[in-house]
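>>> Quick check, what structure comes out for this input:
(chains A and B)
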Amino acid sequence: MPAPTDVNIPAPSTLAMPSPGLPPFDYLCPDDPDEVVALLLQHGRSARLLMGGTDLFVQMRDGALAPRVVIDVKRLPGMRELSFDPADGLHVGAAVNMNALAAAPAVQQFYPLLAQAVASVASYQLRTRATMGGNLCNGSPAADTAPAALVLDAQCVVWGPDGERTIPANNFFLGVRKTALQPGEFLTRMEFPVPPTGYAGRYIKLGRNAGGDLAIVGVAVLGYPETSAASGYRFRFALASVAPTPIRVPEAEALLAEQPITSGLLSQAALAAEDAATPINDLRGSARYRKAMVRNLTRRALDDVWNQLQAEG
Amino acid sequence: MSTTTTNPTRPVGDSVKRIDALEKVTGEALFADDLQFGPGLLFGRIVRSPHPHALIKHIDTSRALAMPGVKAVVTGADTPKQIGLYLKDRHIFCRERTRYVGDPVAGVVATSEEIAEAACKLVEVEYEVLEPVLDPLRGMAPDAPLIHPDLGNYEVPNFIFPKAGTNISNHFKIRKGDPDAAWALCDAIVEDEFRVPHVQHVPIEPHVAVAKMDQRGEITLWTSSQSPFAQRNLIAEALGLSQSSVRVIAPFVGGGFGCKAGVTMEALAVVMAQKVPGYAVKLRLTREEEFFTTFVRQGLIARTKIGATADGKIQAMQTEYFWDAGAYTEYGVNITRASGYSSTGPYEIPNVRADSYCVYTNHPVGGAFRGFGMPEIHWGIEQIVDMLAEAIGMDKAEFRLKNCIRTGSIIATGSTMHPVGLVECIKQATAAIHWGTEERASAPHKRRGKGLAIMWKAPAMPPNAGSSASVRFNEDATVTVSVGGQEIGQGAFTVAAQMAAAALGVPYEWVRVEGPIDTQYNPYEWQTVASRLTWSMGNAVMAAAKDARRQVLDLAAEHWGEDVDHLDIKDGMVISYRSEEAMPLKKMVVYGLPKPAGQGWRGGPIIGHGSFMPSYVTGLDPETGQGPRSVVHYTTGCQAVDLEVDTITGQVTILRIAAAFDVGKAINPDQVRAQIEGGAVQGASTALFEGFQLKNGKLANHSFVDYRIATSVDVPFEIIPIIIEVPQDDGPWGARGIGEHSMVPTAPAIANAVADAIGVRVLELPITAEKLYLALEAQADGMPV
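Residues are numbered from 1 along each chain as shown, chains lettered A, B, ... in the order given. Okay, here's the model as predicted:
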């Protein structure tokens, strides 16, 4: 089990005050993805990509990042496109803003769990700029859209020196602010396969207040009928803000596939989620509270999903 | 001839539209940072102490001064005199010692904010780090490091009592009756300790100041300010200038709540401007600086013991307040005093002992904050009264009705209570949430609870804080009102216009109130604080309007050859009830009226003047805190809260807050309701979310990321505002203040409702979901909570 890690941007140890302005940088806006790759390879860690800027500029102002080059990628072909195909599923350009994503009819109709997760991020005003692609690439363990990406089996499509490749969301997060992106690579879109027939999902975010907080705990649960499972159902669980990365909970998923589902089994699954969480103490909440909330909110989300499945079944 | 209207004092008592509504909703209104100063404008940034307590051994500014674009660097060497509203205990820039993390050590003036910021990093400061005081109880200890070794030499007014050789900047005492003897009579005694963390005002507009010194050495300061005149006075004194050589211009304020009263960063801008004559220097704080380098609400540790006889009568109360006042005490010493004389809450208690200590700590500087000590002390008072009612076995509303102050009650200072409608406030607020009726929670895992809290608060200010106003007519009989009180969003200008219109007899729409407030042209006002404008500035506006009205009536009486007592002004017309003559105010109020047969003219431009200063507030005995009239008046009120606690997460959902306040007279009922709603929201925010997390003197949550405040989606609850009107003898039309009072009882009312819902008493703010959840878990395990 990984050691507990601080999920926050570390607080400065001296009086490092955020600057009233941003440090100087060069702004580049290429129109060819290969040019982006070349720039990334040329500038390495001193280049950062810009989409909505809601994480980047905050970190630059705080002094956590000081890139010499900021590469705006939101104008590249396809970056702001969203499409749905009944066979292929949902394709979301990495720079589609969150309000557009949550409001898209296909998302509302076929991926309401994704809409719930996206709508829980920050505030409406911020979501006109913020993008799901940026939320994932920022690599925060608290990313609200990550649990949805995990349980919906999203694929992250990236462009890089060798052209296009696909990284499953489940392999995308490596550590705090660390993703599977290699030098020269950048995320171009997320692909969500057609969800399982008859599925139900729920994302619950716990913040200190209702308006715009970071998650103390985020819990996503997705369930669907599956004849191959002993229980007749399969579930997927994902958690935010309680480990160095957003995580799946395979233990809970196995439990609910193997035995007939009872109230007691739902409780066991919630306990398995609690066991999987390795949170820290921070300004937002104690590890003890976080673990209890993983258990309680997993149970709440699970009850909700289970009730939906039974109502439909 | 008389007009019949439903409201004889119109437009006083009418919910007229705000006078500044259009310019504010269209974005046309100008705030300090909107003012333009051309390409010569310079910018300042501040070098701040990273240590909570340190000696400055050496400062080297040479590298900063050498940086291209840097025009000047200022240090404590440039500010020899001390400044402070009550106790003059600080230098504008630190000299030999720094006393909190963020204390200004040097200021850099440059051609851009970025250059100034970069140059700040080149100012080399050598510190000798000292042991900090991080808790007021530690600060009280005899062996605590002294934060102000020279406290005994500081200049101080005669109602503040610093103790030389300690960290205590004020000790206020109440000694009334004999509590020690009274405990024996009591059938129930409750004792506990309550804690309140530091909180921030978080105005939407951070502090901004632009200062300029001209070639004659005269200073102009443009700033977002609640206190243009107090700032003029304090800055002039600290710099050895005449008050007439300092001009403060204060446009609209984007939220004050107390943080823009007194002097904070404005003086930094002025001292920097003195180094670059002829240039304006702008200093604006980042949001992070706003959190801990300007005033904060002080922390408090309150220890209270209270007892009652079996009949439910409170017999004695004993209180100690230890205020975590921070490094300096701009307002803290007077908050300590106000909380001491109000320490019983709005109860008549025969035996009282109170000791209120203002203690220096190496924390951010305590200042004025909506309620000025009252939300902090009521957090404990209103919970311990609830606990005592429980111990006695009485309904909590009934217990309060039995003990609360009424007209003629003898209060803690021995003063007699003026006419007061608190009983009615309690009855109406509790009725509005169906007090005494158990109602079901919305889900099986939720618990519902109801709670109430009552409050009192007096304007805490020097006994002789004054107001003045002028009222002058234009040719078309429109009226320009000039005041020194500030429009900080509370509606002061609207109320001033209503009062002028009512006293003159002209329509509300004819009245303008001049802004920005400019100390060179506007009449004096002490400060826009203490919920005192409607009352004190209102008295001055009423007097000025009556003065102008008398001049008009004298002129018309002479013109018509009538007795002035038969004349009146209605809807902009001068009328005679005897002769039934009438003439418009138009023209005559500027040009006068012609004498008969071309014999010349009489009258002339009409200007009315008025001022007000309470002359009847007496001093209090320094040993007993007793005196015949301790304050001008108290505003009282009650909030009743209906809420649910989610036992799965600990989260509180407020369903309803009913809030009744005795405002004497609602000059503008909609604005009063808006204050009552706003207070409930800010009160709920401080109750559930807010609090500084200070670690070794450093603020860990110095931004909105981790300092959470209630947003519109956090307050979906219903707020039921109730206006009670028992007139105030010295208020205009009977009015008293309401701006601060509306948030005073909210936190304890919520705490009492939480206790009712789940049996958990939270003694330290805020009431977070985590605290409640962990307490519920302990309760389930049979642990004490």
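
>>> can you list the domain ranges for the chain.
Defaulting to chain A. A:13-72, A:82-192, A:200-312 (automatic domain parsing).

>>> my bad, the chain I had in mind was chain B
With automatic domain parsing as the criterion, the domains of chain B are listed as B:32-130+B:207-284, B:296-461+B:619-780, B:465-612.

>>> Nearest approach to A:T145 belongs to which of these?
Comparison of the domains of chain B against A:T145 by CB to CB identifies domain B:296-461+B:619-780 as nearest, at 18.3 Å. Where C-beta positions appear, they are placed from N, C-alpha and C, glycine not excepted.

>>> How about the stretch 151-300 of chain A: which residue is closest to chain B?
Closest approach between the stretch 151-300 of chain A and chain B, counting by CB to the nearest CB: A:G211, at 3.1 Å.

>>> that older thread, out of the domains of chain B, which one sits most buried?
Highest mean neighbour count of the domains of chain B: domain B:296-461+B:619-780, a mean of 23 (counted as mean count of other CB atoms under 10 Å in any protein chain shown).

>>> The spatially closest residue to A:D62 that is not a sequence neighbour: what's it in contact with?
Counting by CB to CB, 6 or more residues apart in numbering or on different chains, A:P18 is the residue found nearest to A:D62 once chain neighbours are left out, at 5.1 Å. Each residue near A:P18 by CB atoms under 8 Å, 6 or more residues apart in numbering or on different chains is listed here: A:R61, A:D62, A:G63, B:T286, B:E288, B:S703.

>>> Angles on the backbone of the third one, please.
Right, A:G63. The phi and psi values for A:G63, taken as degrees, to the nearest 10, are phi 80, psi 10.

>>> And the last one, by the same measure?
In terms of degrees, to the nearest 10, the main-chain angles of B:S703 are phi -150, psi 170.

>>> what's the spacing between B:Q318 and A:M98?
Separation of B:Q318 from A:M98 (CB to CB, to the nearest Å): 56 Å.

>>> repeat for B:R472
According to CB to CB, B:R472 and A:M98 sit 55 Å apart.

>>> What of B:F322?
On the measure of CB to CB, B:F322 and A:M98 end up 47 Å apart.

>>> Repeat that for B:Y634.
In terms of CB to CB, B:Y634 sits 50 Å off from A:M98.

>>> interface residues of the stretch 1-150 of chain B facing chain A?
B:R45, B:R48, B:S49, B:P50, B:V101, B:G102, B:E113, B:E114, B:E117 (CB under 8 Å from any CB of the partner chain).

>>> What sits closest to A:L187 if chain neighbours are left out?
Per CB to CB, 6+ apart, closest to A:L187 is A:A94, 4.6 Å.

>>> Could you pull up the residues touching the one you found?
A:51, A:73, A:79, A:131-134, A:137, A:186-190.

>>> how about a cut-off of 6 Å?
Each residue near A:A94 by CB atoms under 6 Å, 6 or more residues apart in numbering or on different chains is listed here: A:M79, A:G133, A:L187, A:T188, A:R189.

>>> was I right about the third one contacting A:N135?
No: at 10.5 Å, A:L187 does not count as touching A:N135 under the criterion of CB atoms under 6 Å.

>>> Give the residues shared as contacts by these two.
In contact with both A:L187 and A:N135: no residue, using CB under 6 Å, 6+ apart.

>>> For the residue nearest to A:L187, grab phi and psi.
Here is the backbone geometry of A:A94 (degrees, to the nearest 10): phi -60, psi -30.

>>> How far does the lengthiest helix in chain A sit from its chain's centre?
If you go by DSSP state H, chain A has its longest helix at helix A:287-312. Relative to its chain's centre, helix A:287-312 lies at 19 Å (CA atoms, centre = their mean, to the nearest Å).

>>> again, but for stretch B:323-343
That offset, for stretch B:323-343, works out to 13 Å (CA atoms, centre = their mean).

>>> Please enumerate the helices of the stretch 601-750 of chain B.
Applying DSSP state H, counting those that start in this stretch to the stretch 601-750 of chain B gives helices spanning B:669-688, B:746-758.

>>> And for the closest residue to chain B within the stretch 51-200 of chain A, the neighbour number?
Nearest residue of the stretch 51-200 of chain A to chain B, counting by CB to the nearest CB: A:S123, 7.7 Å away. Residues contacting A:S123 under the criterion other CB atoms under 10 Å in any protein chain shown number 13.

>>> And the residue of chain B positioned farthest from its centre, how far from chain A?
With distances taken from the mean C-alpha point of chain B and given as CA atoms, centre = their mean, the most distant residue is B:A597, at 58.4 Å. Distance of B:A597 to chain A, given as CB to the nearest CB, to the nearest Å: 72 Å.

>>> Give me the subset of the contacts of A:A94 lying in helices.
The helices, defined by DSSP H, take in A:G133 from those.

>>> what's the farthest-apart pair in the contacts of A:A94?
Pairwise distances across those peak at 9.4 Å for A:M79 and A:L187 (criterion: CB to CB).

>>> neighbour count winner among those two?
A:L187 (26 against 20).

>>> so what's that one up against?
A:A94, A:G133, A:C137, A:C156, A:V158.

>>> Same question for A:R234.
By CB under 6 Å, 6+ apart, A:R234 lies in contact with A:E226, A:A257.

>>> Give me the pLDDT value at it.
Note for A:R234: predicted pLDDT of 97.

>>> Could you do B:D781 as well?
B:D781 is assigned a pLDDT of 85 by the prediction.

>>> what's the answer for A:P10, then?
Predicted confidence (pLDDT) for A:P10: 35.

>>> before we move on, the earlier item: can I get the helices of the stretch 601-750 of chain B in CSV with mean pLDDT and distance to B:L65?
Converted to CSV, these look like this (pLDDT from 0 to 100; distance: least, CB to CB, whole Å):
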stretch, mean pLDDT, distance to B:L65
helix B:669-688, 97, 44
helix B:746-758, 98, 49
